[in-house]
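Asker: For reference, the sequence and a predicted model appear below.
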Amino acid sequence: MEINNNIIYNNKEGIEYIQFKKLLDYGIKHAYTLKGNNINFRSNSKEEKSSYEKIFKALELDINTLVKPFQNHTSNVKCIDKVMSRDKLKDVDGLITDKENIALVTTNADCILFLIYDPVKKVIGNVHSGWRGTCQKILEKAIVKMINYYGSNPNDIMCFISPSIRKCHFEVDEDVKILYESIFAFTKRTNEFIKKSEIKNDKYMIDTILINQMLLEGLGVKKENIIDCGICSVCNSDKISSYRVEGKEFKLATSIISL
């Protein structure tokens, strides 16, 4: 796995993870976890509890501040003002808060996890966006909620993109290709993020990272404030959890952010 100039690699308390340099510059505690022995954030797995204990200890966070939604590939984004249990966050895939001592948590295994930070209004967000979430523009909805609820200025907002499946491996059938063409026709750039597979004639490759970058820029988020780790979960499945590679036995990684 190649580490670029936007991120750093850590190994503490028996868990490996990456962090974004820019977020560290602002003193924001955060992480995206890598694969490791007995590391799995999948709900009800035997490793889930100890995995969270390890990453929270590594980040010097109180595990009692953990707030994790019951993700279900929705476009629902919730503003959080206190710690609450997962069963109160059903069908929620995005979290936002301006409160300290709250750790916003999401999980993935190919889907995109976006960490969001507004250094002026001191607001953070954590958004899970698979291909369905991207179709529903959940990231756009999260940014709009930051603007409307917390008074954020899009020019101040920064968005950090986690390891996820990339255009090199996000292969879809024609029905999904047509869906994306229809939803994002307004961009007049579908030829940039939808390509015919060079390997299979009946398949298409979709660049969901580019689509979300376009949505962010359309809202006024500065291009230089969209910071991508550039890591494909499928290309790096030895270190990154990937449903497409692991199948039914897939494990989950977690992304954490806290003021």
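Answerer: Received it, and whenever you're ready, just let me know what you need. Being a predicted model, the structure only gives us computed values, none of them experimental.
Asker: And the closest residue to Asp118 other than its chain neighbours, how close does it get to Lys29?
Answerer: Distance criterion CB to CB, 6 or more residues apart in numbering; nearest residue to Asp118, sequence neighbours excluded, is Ser152 at 4.5 Å. The way it works is simple: take the backbone N, C-alpha and C, and place the C-beta from them, glycine included. Per CB to CB, to the nearest Å, Ser152 is found 20 Å from Lys29.
Asker: if you count what's nearby, which of these two comes out ahead?
Answerer: Neighbours around Ser152 and Lys29, counted as other CB atoms under 10 Å, are more numerous at Ser152. The numbers are 23 against 18.
Asker: check which helix or strand covers that one.
Answerer: Assigned by DSSP states H and E, Ser152 belongs to neither a helix nor a strand.
Asker: wouldn't Ser258 be in contact with Ala31 here?
Answerer: No. Using CB atoms under 8 Å, Ser258 is not in contact with Ala31, being 9.9 Å away.
Asker: Show me the common contact partners of the two, please.
Answerer: Leu59 (CB atoms under 8 Å, 6 or more residues apart in numbering).
Asker: Quick one: residues contacting Lys141.
Answerer: Contacts of Lys141 (CB under 8 Å, 6+ apart): 75, 77, 94.
Asker: Actually, Lys251.
Answerer: Lys251 neighbours (CB under 8 Å, 6+ apart): 35, 39-42, 45, 109, 241.
Asker: Farthest pair within those?
Answerer: Lys35 and Ser45 (13.5 Å; CB to CB).
Asker: now, which of the contacts of Lys141 lie within strands?
Answerer: Those of those mapping onto strands are 77, 94, per DSSP state E.
Asker: closest to Lys223 among the contacts of Lys141?
Answerer: Of the contacts of Lys141, the one sitting nearest to Lys223 (CB to CB) turns out to be Gly94, at 22.0 Å.
Asker: Report how many residues lie close to that closest one.
Answerer: For Gly94, the neighbour count with other CB under 10 Å is 27.
Asker: just so I have it, where are all the helices in the stretch 101-250 of the chain?
Answerer: With helices called from DSSP state H, counting those that start in this stretch, the stretch 101-250 of the chain shows them at 131-135, 138-150, 174-183, 190-193, 208-219, 243-246.
Asker: so which of those comes closest to Cys235?
Answerer: Of all these, helix 243-246 comes closest under CB to CB, at 9.7 Å.
Asker: taking the mean pLDDT, what do you get for the closest one?
Answerer: Mean pLDDT, helix 243-246: 96.
Asker: I figured Ile147 was touching Asp156, is that so?
Answerer: No. When contacts are counted by CB under 8 Å, Ile147 is not listed as touching Asp156 (10.2 Å).
Asker: Now do the contacts for the residue nearest to the spatial centre of the chain.
Answerer: Centroid check for the chain by CA atoms, centre = their mean gives Leu113 as the closest residue, at 0.5 Å. By CB under 8 Å, 6+ apart, the contact list for Leu113 reads 32, 106-107, 126-129, 162, 164, 255.
Asker: Could you report the distance from Thr208 to Glu198?
Answerer: Distance, Thr208 to Glu198, by CB to CB: 19 Å.
Asker: Could you give the number of residues near Gly220?
Answerer: There are 13 residues near Gly220, going by other CB under 10 Å.
Asker: This completes my enquiry, with thanks.
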